[in-house]
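Novice: sequence and predicted structure, then a few things I'm wondering about:
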Amino acid sequence: MTSIPESATPALFQFFQFALNPTRYQSQLYRRFGDIFRAYISFRREQYGQETRLLLLSEPKAIQQILSQDTGKVFSAPGEVNQLLAPLVGNNSVILVSGQTHRRRRQMVTPPFHGERLKVFGDLILQITGEVMAEVPADRPFSARFYMQKLTMRVILEAVFGLHQSDRYQTLEKLLADRVNMSSTPLTSLSIFIPALQKDWGPWSAGRRVKQLAAAIDTILFAEIEERRRSGVADRTDVLSLLMAAEDENGDSMGNEELRDELLTLLLAGHETTATALTWALYWLHRHPETRAQIRAELDTVPTPWDPMALLRLPYLSAFCNEVLRIHPVAMFTFARRVEQPVTLLNHELRTGDLIMGSIYLLHQREDLYPNPQEFRPERFLEREFSPYEFMPFGGGVRRCVGSALALYELKLALAQMVQHWELRLETQRTLKPYRRGLTLGPNGEVMLRKVADRSASRPTPTPIAPPETPVLSR
């Protein structure tokens, strides 16, 4: 057995290296130490404990060993070690609860994002994409991220929160966008990792602004929840209504604070992450015109009006989206697993209490899995099939992203709509690289595009969305 390798650089310096440039930090340690090493990506001793080792792992079979045994006997998936997310998602989020509570909550939260429930959002995504793209100026460059954030925020507000255009909708749209954008750079992201920066130090502090935003968001969400309780949710199909109607095996449903925290979790998981993925997708789509042409030719084979589910099955569109999520995974890590009994992994002895995280970024950059990993090449996903432990943009095991199906659905449908309906040109000439944007990896510069032509005359028209049959409660 060999000891777990680690850098001799002081832990505090390593933390700032990770916080400010996480891809370089991981890549440097991987080149030195290989598939597993100790990392210093948090100095919250109250969270991990002074003697706890936090390990990063990027070998697929070892990741499989952990994620296939994360039910509590050998490895567990504790929610309390994700406490740094509490200011963003609340203490009742499925991300922060553990054990049987986590299992029951996940069973309640998962159904709205699968099967027939997912289908009802297809036409809505196509319609919102068209509305947002119609707002793009035709005579000057525009920021892809700005409009992709608009798109994904509106999908969240209508499909998940169940809000429709109204004063409440518009107010919440602005408040939520302000909250997400408070940690949009490597420097402002430090507030997520350093507890002192989250405190209310007075009117000038970020902590005060976060507190004010949280209170304003709570007022709107709790008012909406209470109106739904009074009016009933039986005929509604939005995720909030489905969550309000959901019961666990004991017949218990979620309270207002639990619902609020799950909505904020879905916002974090489904808005910023999908907007980032769409921004990267537009960047690569317009750096490789032949790729765009191939996707467009594939879309031309789909009968109109489009069946959204048919778009999901297009092989080249799927391969393109997978390559976007591979080369620049929005999420860098799996959630941490805790070692519950001594176990051997990659010829290293892990001890009870150790925390270990899979590095999705390093996994997706492995030369043995993805030859020339820095090359953007969708065809690699047509040439072979990757296991869930070789390609895992949404994590894995019992803490795999609940909204992954909706995120991939939205990514494919929005891209299909934009490729088929508009001719865009990339204005950004320099090569963009991933950098920290809160908890995600976004481009280290603006992806600027220009609308060249509207292909409306030949585009398929999505099926119109019928007005809701139930009263709109968000006026």
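Specialist: Noted; the coordinates are in hand.
Novice: which is the succeeding secondary structure element to the helix or strand bottoming out on mean pLDDT in the chain?
Specialist: The helix or strand of the chain with the poorest confidence is helix 45-48; it has a mean of 49 (mean pLDDT, DSSP states H and E). Using DSSP states H and E, the helix or strand that follows helix 45-48 in sequence is strand 54-57.
Novice: in the next helix or strand after that following strand, what counts as buried?
Specialist: Later in the chain than strand 54-57, the nearest helix or strand by DSSP H and E is helix 60-67. For helix 60-67, the neighbour count (16 or more other C-beta atoms under 10 Å) marks Pro60, Ala62, Ile63, Gln64, Gln65, Ile66, Leu67 as buried. Backbone N, C-alpha and C define where each C-beta goes, glycine included.
Novice: strands of the stretch 101-250 of the chain, start to end?
Specialist: 142-143 (DSSP state E, counting those that start in this stretch).
Novice: for the stretch 351-475 of the chain, same thing?
Specialist: 355-358, 422-426, 434-437, 440-443, 448-454.
Novice: quick one: the first one to chain centroid distance?
Specialist: In other words, strand 355-358. Taking C-alpha atoms, centre = their mean, to the nearest Å, the mean C-alpha location of strand 355-358 is offset from the chain mean by 19 Å.
Novice: in the protein, what spans have low per-residue confidence?
Specialist: For the chain, residues meeting the criterion pLDDT under 70 lie at 1, 42-52, 183-189, 456-475.
Novice: remind me which helix or strand the most centrally placed residue in the chain belongs to.
Specialist: Nearest to the mean C-alpha position of the chain, by C-alpha atoms, centre = their mean, lies Thr273 at 3.5 Å. In the assignment (DSSP H and E), Thr273 maps to helix 273-287.
Novice: can you tell me what sits against that helix?
Specialist: 144-145, 148-149, 151-153, 155, 291-292, 295, 320-321, 323-325, 327-328, 330-331, 376, 407, 410-411, 414-415, 418-419, 424-426, 428, 432, 437, 440-443, 447, 449 (C-beta atoms under 8 Å, 6 or more residues apart in numbering).
Novice: gap between Gly438 and Thr129?
Specialist: As judged by C-beta to C-beta, to the nearest Å, Gly438 and Thr129 stand 24 Å apart.
Novice: looking at the two, which one has more neighbours?
Specialist: It is Thr129, of Gly438 and Thr129, that has more neighbours when counted by other C-beta atoms under 10 Å, with 26 against 22.
Novice: what's the neighbour count on the closest residue to the more buried one other than its chain neighbours?
Specialist: Take Thr129 and drop its neighbours on the chain: the residue closest to it by C-beta to C-beta, 6 or more residues apart in numbering is Gln417, 4.2 Å away. Number of residues near Gln417 (other C-beta under 10 Å) recorded here: 26.
Novice: want to try JSON lines for the buried residues of helix 60-67, with distance to Ser98 as columns?
Specialist: Compiled in JSON lines, these are given as follows (distance: C-beta to C-beta, whole Å):
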{"residue": "Pro60", "distance to Ser98": "26"}
{"residue": "Ala62", "distance to Ser98": "23"}
{"residue": "Ile63", "distance to Ser98": "21"}
{"residue": "Gln64", "distance to Ser98": "22"}
{"residue": "Gln65", "distance to Ser98": "21"}
{"residue": "Ile66", "distance to Ser98": "16"}
{"residue": "Leu67", "distance to Ser98": "16"}
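Novice: which element follows the helix holding Thr273 toward the C-terminus?
Specialist: Next in line after helix 273-287, if elements are assigned by DSSP H and E, sits helix 289-299.
Novice: touching, Tyr435 and Asn21? I think so.
Specialist: Yes: counting by C-beta atoms under 8 Å, Tyr435 does reach Asn21; the two are 7.0 Å apart.
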